[in-house]
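J.: Pasting a predicted model and its sequence here:
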Amino acid sequence: MSFWTAVVVIVAILAGTIISTSKHKAKNNNADNDKTNELEKEVEALKARIVTLEKIVTDPGYDLKKQFKDLEDDRVA
């Protein structure tokens, strides 16, 4: 095998390795992006639930309802 043939073989091997590595990275990036999108949607849904819970808890009638519930529990026990 001549020197130039060896150089061509080495370059071909390196090119194949670089191509397969870049394909693998692109595939992983797509999977990561999908997971990130799912997590962002879940966070938005949780934020909406927190807003609702904050409205309920800070409602002036909430404390009164809790006191009535506590009185009912005491009466039953």
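T.: Cool, the structure landed. Numbers count the residues shown, from 1 in each chain.

J.: so how many other residues sit close to Lys41?
T.: 10 (other CB atoms under 10 Å). Just so you know, the C-beta spots here come from the backbone N, C-alpha and C atoms, and that holds for glycine as well.

J.: Actually, Met1.
T.: Counted with other CB under 10 Å, Met1 comes out at 6.

J.: now swap in Val57 and tell me
T.: Residues near Val57, counting by other CB under 10 Å: 10.

J.: now whichever helix or strand it is part of: mean pLDDT?
T.: Val57 belongs to helix 3-58 when elements are defined using DSSP states H and E. Confidence over helix 3-58 (mean pLDDT, whole number) is 87.

J.: Which SSE is immediately downstream of that helix?
T.: Using DSSP H and E, the helix or strand that follows helix 3-58 towards the C-terminus is helix 60-76.

J.: Please work out which residues outside that following helix touch it.
T.: Contact with helix 60-76 is made by Ile56, as judged by CB atoms under 8 Å, 6 or more residues apart in numbering.
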